[in-house]
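here are the coordinates; sequence isn't available:
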């Protein structure tokens, strides 16, 4: 008898358990009646018909983060890289998510990987880093269109890591080293060029300064010569003026003639003193004796001129 009561109590508990269902805020439940979709239960408490209604599917209604496994892809420039990512999705229609596809999570992962391979194959390795946002947007668009029958909304996709192969990494390091060396060579060449320009400018300025100095020196010398010539001309003019005034005086003409004779005799004497008489023609050699005689008689001539006055 006790076992019968116990069985009845257990049966009642099972019926109550099957009848009452509580749906939490973060999920929806798909109820089937005799194997056919009956309704979708939103958060709250519900009563089901025992052995006729049962909860067939429970769908997570919060945003879900799916880790997309790393995969090898080939870029447009035939470089192999390892790329993984994060996919953010949310169930918008629990009925479609339950009946539209067997496992929308696995389907989303496979679709994300397929779309990633397709999009990465259209761009170069360098463009992956600069166009990451564009690649993410294209992947979201493709997955969102494909997942619409599943009742799933793709919110965003993020490329997490981009890892080129070891060979590519070594090649890139060599390329960057070459670029750094190139920039260093350009910097050194520019510095050397600036140095040569500065030296050239210095020599040019020095030459200009020397030229200006020589020019100023020549100008000063020319001015000095001009001033000397002017002084000589002024002195000569003054002398000529005095000579002219002296000629006008009584006996001035005879004095002038005597002065000319004195200068002539002095110049002849210098000629004969500076040269060998034997080298001159015979008539010039006899002229020397005449000049000496004139010099001896110069005072006599001056005295006679004075007497005439």
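Good, I have the coordinates. Note that the coordinates shown come from a computational prediction; the quantities given were computed from them, not determined experimentally.

now the one helix or strand residue 204 maps to: how far from the chain's centre is it?
Per DSSP states H and E: residue 204 is located in helix 166-248. A distance of 33 Å separates the centroid of the chain from that of helix 166-248, by C-alpha atoms, centre = their mean, to the nearest Å.

Can we start the residue count at 773 from this point?
That works, and once the first residue is 773, the last one we named lands at helix 938-1020.

Quick one: mean pLDDT for that helix?
Helix 938-1020 shows a mean pLDDT of 79.

Packing partners of it?
helix 1024-1046 (3 or more C-beta pairs under 8 Å, 6 or more residues apart in numbering; DSSP states H and E). No exception for glycine: its C-beta is placed from N, CA and C like everyone else's.

Skipping its backbone neighbours, what lies nearest residue 805 in space?
Leaving out its chain neighbours, the residue that sits closest to residue 805 by C-beta to C-beta, 6 or more residues apart in numbering is residue 825, at 5.1 Å.

Give me the distance between that neighbour and residue 815.
To residue 815, residue 825 is 18 Å away according to C-beta to C-beta, to the nearest Å.

and the two? which has more neighbours close in?
Using other C-beta atoms under 10 Å, the more surrounded residue of residue 825 and residue 815 is residue 825, with 19 against 13.

which phi and psi does residue 835 have?
phi -70, psi 130 (degrees, to the nearest 10).

quick one, what contacts it?
By C-beta atoms under 8 Å, 6 or more residues apart in numbering, residue 835 lies in contact with 860-862, 927.

still on that earlier bit, do I have it right that the residue nearest to residue 805 meets residue 807?
No - using C-beta atoms under 8 Å, residue 825 makes no contact with residue 807, being 10.8 Å away.

Need the residues that contact stretch 866-877.
800-802, 809, 812, 828-829, 831, 833, 836, 838, 861, 863, 879, 919, 921-924.

just the buried members of those?
The neighbour count (16 or more other C-beta atoms under 10 Å) marks 800-802, 812, 828-829, 831, 833, 836, 838, 861, 863, 879, 919, 922-924 as buried among these.

Please narrow those to those residing in strands.
800-802, 812, 828-829, 831, 836, 838, 861, 863, 924 (DSSP state E).
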